[in-house]
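Colleague: Here is my input; please provide its structure:
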Amino acid sequence: MDFKKRAKISYHPVVKAIARSLKAAEVIKPRGEVAVVVGVSGGADSVALLLGMHALSQRRGWGMRLVVGHVQHHLRGDEAEADALFVEDLAKHLGLAYERRDLDLREAKNIEEAARRGRYEALGEIAVQADCVWVATAHHADDQLETVLMRLLRGAGARGLRGVAKVRSLVEGVKIVRPLLGVGKEQIEKFLCETEQDWREDHTNADVERWRAKLRHEVLPVLKEIRGDAAIKAVQLGDRMRGLEGVLQDAVAEVIENDAREVDGVFHLPRDRARQCREIVLMGVLRSLAMLKGVDSDRCGERELGPITKSVRDQQGGMRQFELYGGVRVVVTRDSVLISNN
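Modeller: Numbers count the residues shown, from 1 in each chain. Got it, this is the predicted structure:
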């Protein structure tokens, strides 16, 4: 890469935004090297992220060792394999290590969810094997807007409206960071055009039969026409909801510490105390206790816990029983709420 092109990339606004995000997340630390897996699908977003992080890694004082991670889902035949080869060639061109993982999703009931889980597991595996403590993914502001809208349509509360986290744990010793979350899709593609960098297109993203694609192609353009910074506003909303979620979790923790007790493997919560809680706090208490019994976080949302919360708060006596995913049972009696494994 010649000096002019390297300089154009290194000081581009998108690269500056990546730099700010990495510093804010404390990925970059003074006087020390950090190892990062960059998840690259071959699409515009991940290619831009890789290009930007590579440029930063060349700066003095930015001790970053990058590993390019690609996950082949085997869902799009030759097109998907061409993506993998494109990413491998790009990694070689930049002089970076390349790691590929292949998924077998033939037995998956929900292919989209299985692909998402498998992708993160694969990136976590690459990070552990390559001695990396971070995985960088290319979620951007438009992704955040799509996520918030989808969750809003599903009736999500404060937790759901947090959207995609800027930083979160992946596996023990490895965190995910999303340095492009404050950057819009148009900026990303403009950056690649200005630096004359090609990318791959996933044509399934144009399938408007899928919720997310329909929002992306038919709803987001209207929102941006009304308000050009709609995507950035979604990122700001996510940050505020994350702060509110922290306040909520403090209230939940206080109720559990003061009122819940575990006897012979069964959580007991006095029903009169539970009734005194605000509905959103009570749902949070039930969620936390259910997760302690092994319920997956994705399986104890408002859909699952709403009917239980309503039963706890009403004035009926008798005994009512609810089954949660993973063999967890919630029993509401006249005086208590009991949570146990079957």
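
Colleague: Which residue ranges of the stretch 101-250 of the chain form helices?
Modeller: When secondary structure is read from DSSP state H, counting those that start in this stretch, the stretch 101-250 of the chain shows helices at 111-129, 141-153, 185-194, 211-214, 220-226, 230-259.

Colleague: can you redo the ones you listed as a markdown table with mean neighbour count and distance to residue 284?
Modeller: Every residue, glycine included, has its C-beta placed from N, CA and C. Below are the helices of the stretch 101-250 of the chain laid out as a markdown table (neighbours: other CB atoms under 10 Å; distance: least, CB to CB, whole Å):
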| stretch | mean neighbour count | distance to residue 284 |
| --- | --- | --- |
| helix 111-129 | 17 | 24 |
| helix 141-153 | 21 | 17 |
| helix 185-194 | 17 | 34 |
| helix 211-214 | 14 | 27 |
| helix 220-226 | 13 | 30 |
| helix 230-259 | 16 | 4 |
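
Colleague: Which of the ones you listed comes out lowest on mean pLDDT?
Modeller: Here the helices of the stretch 101-250 of the chain differ in mean pLDDT, and the lowest is helix 211-214 at a mean of 87.

Colleague: Give me the pLDDT for residue 5.
Modeller: pLDDT, residue 5: 65.

Colleague: thinking again about what came up before, distance to residue 286 for the helices of the stretch 101-250 of the chain - can I get that in a markdown table?
Modeller: Shown next, in a markdown table, are the helices of the stretch 101-250 of the chain (distance: least, CB to CB, whole Å):
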| stretch | distance to residue 286 |
| --- | --- |
| helix 111-129 | 24 |
| helix 141-153 | 20 |
| helix 185-194 | 38 |
| helix 211-214 | 28 |
| helix 220-226 | 35 |
| helix 230-259 | 9 |
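
Colleague: To residue 93, which of these lies closest?
Modeller: helix 185-194 (14.5 Å; CB to CB).

Colleague: Just the residues contacting that closest one, thanks.
Modeller: With CB atoms under 8 Å, 6 or more residues apart in numbering as the test, helix 185-194 has contacts from 8, 12-15, 44-45, 47-48, 51-52, 140-142, 180, 198-199, 231.

Colleague: Relative to the whole chain's centre, how far out is stretch 322-335?
Modeller: Stretch 322-335 has its C-alpha centroid displaced from the chain centroid by 29 Å (CA atoms, centre = their mean, to the nearest Å).

Colleague: Compute the first-to-last residue distance for it.
Modeller: End-to-end span of stretch 322-335 (CA to CA, to the nearest Å): 16 Å.

Colleague: Stretch 291-308 too?
Modeller: End to end - CA to CA - stretch 291-308 spans 15 Å.

Colleague: average pLDDT across it?
Modeller: Stretch 291-308 shows a mean pLDDT of 90.

Colleague: Residue numbering should commence at 212 henceforth.
Modeller: Got it, the first residue is 212 from now on, which makes the last one we talked about stretch 502-519.
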